[in-house]
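K.L.:
build me a model:
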Amino acid sequence: MAQAVIAVRGGPGAKSRCACVLSGADRARLTAVMLEDMLAALTRCPSISGAWVVTPTPELAELAERSGALALRQTRAAGLNAAVRLAMAEVAETAPYEPLLILPGDLPMAAPSDLEAALLLLRSHAVVLAPTLDGGTGLIGLRAGARLAPAFGVQSFQRHADAAGRGRLPLAVLGTNSLSWDVDEPNDLAGVLEHGPATRTAAFLRERLKPRISQ
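P.N.:
The predicted structure follows:
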């Protein structure tokens, strides 16, 4: 079995690059529905026994717990990499012999089959990375005992791959649509409407965003 971590900030200040099309309240709701989609994907992944959400946002922590996940509350927003380090340390104490999947909280189209594929690759590799369309990282998979410092941000995929190489950690790259489409900019919102119409995120965007796109 395996553990999975989703790191997400949330609140009205989240996804600020979408402020031209969504209000602060709508961006806060967007973050919540994306988390709902991702937690639903984790529950449909039979190899994942534990789901964790690390966040400084009380509403998202409560959402995670209602969904059956374990919530790790940050005392303050300290960035994605700090959140991931906190979660990695907690999981290492709780489930040190299980592989770990780490995901940022903006992948509403994440598919259980692709999460299972990542775990299968961890049987023969120490690290699995899924690149996003913009050169970021949609998933870090770590075999039990493997250590890789999180370096999320612009062009993070190459940084993670380079770190695996320096650590002589056998690396597999998982190219998949569901983990490559992260939501950062208005064009990404349109992509969710087109490519993930059945998600909760798309339903929210149809209500709040599609009329503006049609104008």
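K.L.:
where is the longest strand in the chain?
P.N.:
Selection of the longest strand in the chain by residue count, based on DSSP state E, yields strand 48-55.
K.L.:
tell me which residues in that one are buried?
P.N.:
Ile48, Gly50, Ala51, Trp52, Val53, Val54, Thr55 (16 or more other Cβ atoms under 10 Å). In this view, the C-beta of every residue, glycine as well, is placed from N, C-alpha and C.
K.L.:
stretch 63-76 too?
P.N.:
Across stretch 63-76, burial judged by 16+ other Cβ under 10 Å covers Leu63, Ala64, Ser67, Ala69, Leu70, Ala71, Leu72, Gln74.
K.L.:
quick one, what contacts the fourth one?
P.N.:
The neighbours of Ala69, taking Cβ atoms under 8 Å, 6 or more residues apart in numbering as the test, are Ile6, Leu39, Leu42, Ala51, Trp52, Val53.
K.L.:
wait, what's in contact with the closest residue to it other than its chain neighbours?
P.N.:
Spatially, and ignoring its direct neighbours in sequence, Ala69 is nearest to Ala51 (4.1 Å; Cβ to Cβ, 6 or more residues apart in numbering). Ala51 is in contact with Gln3, Ala4, Ile6, Leu39, Leu42, Thr43, Ala64, Ser67, Gly68, Ala69, Leu70, counting by Cβ under 8 Å, 6+ apart.
K.L.:
just the residues you listed: which are in strands?
P.N.:
Among the contacts of Ala51, the residues falling in strands (DSSP E) are Gln3, Ala4, Ile6, Leu70.
K.L.:
state the distance from the closest residue in space to the last one that isn't next to it in sequence to Cys45.
P.N.:
Which is Leu70. Closest residue to Leu70 apart from its sequence neighbours, by Cβ to Cβ, 6+ apart: Trp52 at 4.9 Å. Distance of Trp52 to Cys45, given as Cβ to Cβ, to the nearest Å: 14 Å.
K.L.:
same thing with Thr132?
P.N.:
Distance from Thr132 to Cys45, counting by Cβ to Cβ: 20 Å.
K.L.:
any shared contact partners between Trp52 and Cys45?
P.N.:
Contact criterion Cβ under 8 Å, 6+ apart; residues shared by Trp52 and Cys45: Ala4.
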